[in-house]
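**Q** Sharing a sequence plus its predicted fold:
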Amino acid sequence: MPENKSIIIDLDIVQPCYNPLPDWEQSVWLHYSDVKALLPRININLIIVNDGSKKNISNESIRFLEQRITHFQFISYEPNKGKGNALRTGIGASKGRIQIYTDIDFPYELIHIKEIYEMLVDGADVVSGIRKQNYYQTLSPMRWIASKMSQILNRLFLRLPFNDTQSGIKGINRKGKMVFMRTTIERYLADTEFLALAAKTRKLKLVPHEVSLREGIILSKMSFKTFMKELGNFIRVYSIVFKRKV
């Protein structure tokens, strides 16, 4: 449905999308409906950013969501540029007071979206999901190594108030959005860059929130090539954050 511009949007849910699983639109509709039931009194706008997908995106899948979700934006571009770019695109297009971004399969318990929204309404500027320890039991060996190394590097070099920066769910208000839009990393470590910049920004309230995966979620494996690229991006994050005045 076309967006009614007279309606004030309370919450934008932003989701990057790359080569989603078949019937992804059915899953999105189901979980979006559950989120609406958790937050029945607020206007929620769903923004999906197609980051150069090569498969499983069709006009029919987009129409399916347009016909069912009152406030819906679908943004698409080519070629694939990475999660960081997709998030900046979606957050840059958002109009609501609050944005929460998460993956296309809603991997975390849906109650966390309600919790994060309420924390932002109550005064937090940035709420970052912190994964429970049982999350790491579900990872492939390479992804486990990458996650643990990321936490060690964050603690040693970025001096963040918490070490887990890579959970796939975070929330921001307008002040948090301004910081996020200053990120430059194209791929996964845009999250780390964002939180490092947020931690350096004066008078910005950055709050961690423990989150759990939904039952049955299977996480993708990480290749050694991707691991090495993200290690290079961490070096970039360090140089960007500590050379920049915030």
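**A** Looks like it arrived, so ask away.
**Q** residue ranges with poor pLDDT in this structure?
**A** 1-6, 133-144, 146, 218-224, 227-228, 242-246 (pLDDT under 70).
**Q** Now do the strands in it.
**A** Ranges of strands within the chain are 11-17, 44-51, 72-77, 98-102, 126-131, 169-172, 206-211, based on DSSP state E.
**Q** do you know which of the ones you listed lies nearest residue 59?
**A** strand 72-77 (10.3 Å; Cβ to Cβ). In this view, the C-beta of every residue, glycine as well, is placed from N, C-alpha and C.
**Q** Parallel or antiparallel, list what pairs with that closest one.
**A** strand 44-51 (parallel) (DSSP bridges).
**Q** now what about the strand it pairs with, what contacts it?
**A** 3, 9-18, 28, 32, 35-36, 57, 65, 69, 71-77, 80-83, 85-87, 89-90, 93-96, 104 (Cβ atoms under 8 Å, 6 or more residues apart in numbering).
**Q** among those, which ones are buried?
**A** For these, a neighbour count by 16 or more other Cβ atoms under 10 Å gives the buried set as 9-18, 28, 32, 35, 57, 65, 69, 71-75, 80-83, 85-87, 89-90, 94, 96, 104.
**Q** from what I can see residue 43 touches residue 36, true?
**A** No - counting by Cβ atoms under 8 Å, residue 43 stays clear of residue 36, with 9.9 Å between them.
**Q** Spell out the residue ranges of the helices in this structure.
**A** Secondary structure of the chain (DSSP state H): helices at 24-38, 59-66, 83-93, 111-121, 141-153, 174-180, 190-200, 224-243.
**Q** right, so the ones you listed: which one is the most enclosed?
**A** Compared across the helices of the chain, helix 190-200 shows the largest average neighbour count, a mean of 23 (mean count of other Cβ atoms under 10 Å).
**Q** list the helices and strands that one packs on?
**A** Helices and strands touching helix 190-200, by 3 or more Cβ pairs under 8 Å, 6 or more residues apart in numbering; DSSP states H and E, are helix 83-93, strand 126-131, helix 174-180, strand 206-211, helix 224-243.
**Q** Generate CSV for these, with distance to residue 165 as supplementary columns.
**A** Shown next, in CSV, are the helices and strands packed on helix 190-200 (distance: least, Cβ to Cβ, whole Å):
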stretch, distance to residue 165
helix 83-93, 13
strand 126-131, 7
helix 174-180, 13
strand 206-211, 10
helix 224-243, 9
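**Q** Out of the ones you listed, flag the one nearest residue 156.
**A** Among these, helix 224-243 sits nearest to residue 156 (Cβ to Cβ), with 10.1 Å.
**Q** quick one: the closest one to chain centroid distance?
**A** Relative to its parent chain, helix 224-243 has a centroid offset of 19 Å by Cα atoms, centre = their mean, to the nearest Å.
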